Structures are given as structure tokens and as C-alpha cells.
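Undergrad: When you get a sec, could you give me coordinates for this:
(one chain, ligands or ions: 1)
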Amino acid sequence: MVSSYRVVTVWGMTTDVVAGVAEGPVAGEQPALPSLSPSRAADFKTCPLLYRFRTIDRLPERPTTDQVRGTLVHAVLERLFDLPAPERTEGAAGGLIEPQWARLTAAAPELATLFADLPEGAFEQFLSSARALLAGYFSVEDPRRLEPAQRESLVETVVDDRLRIRGYIDRLDVSPAGDLRVVDYKTGGAPREAFEARALFQLKFYALVLWRTRGVVPRVLRLLYLKDAEICDYAPDAEELVRFERTLVALWRAIDEATAARDFRPKPSRLCGWCSHQALCPAYGGTPPPYPEPAVEPAATLPLIEE
Ligand code: SF4
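TA: Numbering: from 1, shown residues only. Down below sits the predicted model:
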């Protein structure tokens, strides 16, 4: 089941999200298969205990303003391409901020409460920082010259006949010659070097899905860093994606084994600084809650903000 809106991940990455992309069997017309999103796969790679907290315990995570700003800017950039090409100006994008904020808070009223405890003027500052990210976007791309093939689209495929992989792509461009370019907007305030490997993992994940579903290896995987106004392009090849597919299947096996053994160990790293669950983590003197048996329902409080 997929929620009606996307939010940003705790890691400050723009990814698939979330409230609702279930990990585990997916019911449908086809036989139920376990399913894995790039965010959850990257969680396990980063720290198995973090994966457990998010995917099995489903502990709520209060979004930060950075994450919510990312959600808002993604929404604005998605809607921007609804406008006729000549009208996709920075001013028009700025004009979409408030309507998109209204839409997001209508879908998740708790987002607006984030500003309740902050000093006066925090919300205005939030809006103006969203404008600054959009300015970063316009300094590296001209949307009047682009006609994306897809925006915020869910892509999925089955690998190894037993694992469904799925996630949301921010934008997919297709050239007249049929070349694919996967574009991911990065809006986080965290140092990007801390997350670059995770971001690339996510893009290879999408590249693999597109290759398997369209038979074409994307020509370019593009990370668009709005805060730094920088573009980072990466060109994958088929051999690399074959290796990546093997990695994903092995990762899923490791998740499966950890689940069977109820054994999800903490793996401290510099990314712990962005983890919401330090108080429950043995690496920081905490104790995880009892393992949920059977799996608990998704948290009903704040939406689990992913990317
Ligand atoms: S604090 Fe670090 S080691 Fe502990 S769960 Fe979070 S990411 Fe893992």
C-alpha cells in the first residue's frame, strides 16, 4: 500500500517514501513476494538495528524541518512541470510553495505542528529557505528546456524470481534517441559526503529496475544538490548492474537471516548523528524494545519520514 504523499527521509535524502511502502509480502494479483525499497535496503547496509527500528518495530520518527523542507521542495519541483514550458520560471516555482505547503499539511496536519515550539519567524524562515533551494535548482537547470517523461513515479520489478524491488524516482528524462536519465533532487542540510554512497546506492537501485523493466541501461544517473547548486552525474553499465543485483539479493538474504534469528546488531558510524533512535541503541547505552511478535501495525503518529 502506498501513501498519497511523499516525505523526506531521516537521512536528508530524497527518496521513495514512505509512509506505506511496505517491506514484506505485497498482496496483489501476482504471488506475494517480499519487497524492498532503496531506503530500507540502505538502512540495513548502514545499520541492521536501524533497519529493525524502522521496518520491524516501525518506531515513529519526528521529521526535522530539513526533511519537511525537502518534501515541500520536491512537491514544488514536481508541480512546476505541470506548467507550460515557457512559464517554468523561478518566480512561478516560488508561487507554488504556499499552495504545495497547504496541500502537504492538509494530507498530514501534524507537519504544521513542527513550528509550534520554534521561535517566532521560524516558519517564514522555513519558507525562505525553501525558496533558496529552488534558486539552487534554477542555477543548475532550466526547466523550460526539459520535458520529463515521468515525475515522482513508482517503479518496481522482481529480481531473482523472489524479491520485488520498488521505489520512487524523482524524475525520469528520456531523450529523443531513447536514452534514459534518472534525476534525484537532494535537498538535505547534512554534509553530502556523509550520504553520497547511500545516494548512489539508491540511484543504482532505480537503474536496475529501469533496465529490467525497459531493457535499457540508463545513460545517466544524476544527483542534483540544490543546497550546493551542483550536479553529480554517474554513468552505470550493465555489468555493474548485474553485480548490483547480486548484491541486493545477498542483502535480502542477510535481512531474512537476521529476521529469522531476531538478530539486528547496531553498526555505529558517523550517520548515527542523524539517527532518531540513539536512546534505544546499545551502542549508546540504550536497550531496544522487545522484538515485536508478530509484526506490529505501522505507527499511527507522525508519518515515518523517509526520504
Ligand atoms: S544510533 Fe547508530 S548504531 Fe544505533 S541504531 Fe542508530 S544508526 Fe544504528
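Undergrad: What residues are bridge-paired with I231?
TA: L224 (DSSP bridges).
Undergrad: Need the phi and psi values for D184.
TA: phi -130, psi 120 (degrees, to the nearest 10).
Undergrad: Pull up the per-residue confidence for the nearest residue to it once chain neighbours are set aside.
TA: In this structure, D184 finds its nearest non-sequential neighbour in D170, 5.0 Å apart by Cβ to Cβ, 6 or more residues apart in numbering. The way it works is simple: take the backbone N, C-alpha and C, and place the C-beta from them, glycine included. At D170, the model reports a pLDDT of 96.
Undergrad: just R192 next, same as before
TA: So R192 comes in at 70 (pLDDT).
Undergrad: if we can go back for a sec, test my guess that the residue nearest to D184 contacts V183.
TA: Yes: the criterion here is Cβ atoms under 8 Å, and D170 meets it with V183 at 5.8 Å.
Undergrad: Would you mind telling me which of the two has the busier surroundings?
TA: Using other Cβ atoms under 10 Å, the more surrounded residue of D170 and V183 is D170, with 25 against 22.
Undergrad: can you pull the contacts of that one?
TA: By Cβ atoms under 8 Å, 6 or more residues apart in numbering, D170 lies in contact with 14, 74, 77-78, 151-152, 183-185.
Undergrad: Ok, V174 next?
TA: Per Cβ under 8 Å, 6+ apart, neighbours of V174: 149, 180-181.
Undergrad: Make a markdown table out of the contacts of D170 and add distance to the ligand.
TA: Listed next are the contacts of D170 as a markdown table, based on distance: Cβ to the nearest ligand atom, whole Å:
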| residue | distance to the ligand |
| --- | --- |
| T14 | 20 |
| H74 | 24 |
| L77 | 29 |
| E78 | 30 |
| R151 | 31 |
| E152 | 28 |
| V183 | 28 |
| D184 | 22 |
| Y185 | 24 |
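Undergrad: Now list the buried members of the contacts of V174.
TA: When those are checked for burial by 16 or more other Cβ atoms under 10 Å, the buried set is 180-181.
Undergrad: what sits up against the one helix or strand L203 maps to?
TA: Assignment of secondary structure by DSSP states H and E places L203 within helix 196-214. Residues from elsewhere that reach helix 196-214 (Cβ under 8 Å, 6+ apart): 11, 13, 15, 38-39, 41-42, 45-46, 155-157, 159, 165-167, 169, 172, 180, 182, 184, 186, 192, 216-218, 221, 223, 232, 234, 236, 238, 240-241, 244-245, 248, 307.
Undergrad: Would you tell me which residues of this structure are close to the ligand?
TA: 47, 49-50, 266-268, 271-272, 275, 277-278, 281, 283-284 (Cβ under 6 Å from any ligand atom).
Undergrad: can you tell me which of the residues you listed are in helices?
TA: Among those, DSSP state H puts 49-50 in helices.
Undergrad: from the residues of the chain next to the ligand, which has minimum pLDDT?
TA: L271 (89).
Undergrad: still on that earlier bit, which of the residues in the helix holding L203 are classified as buried?
TA: Those would be 198-212, for helix 196-214 by 16+ other Cβ under 10 Å.
Undergrad: Thanks a lot, catch you later.
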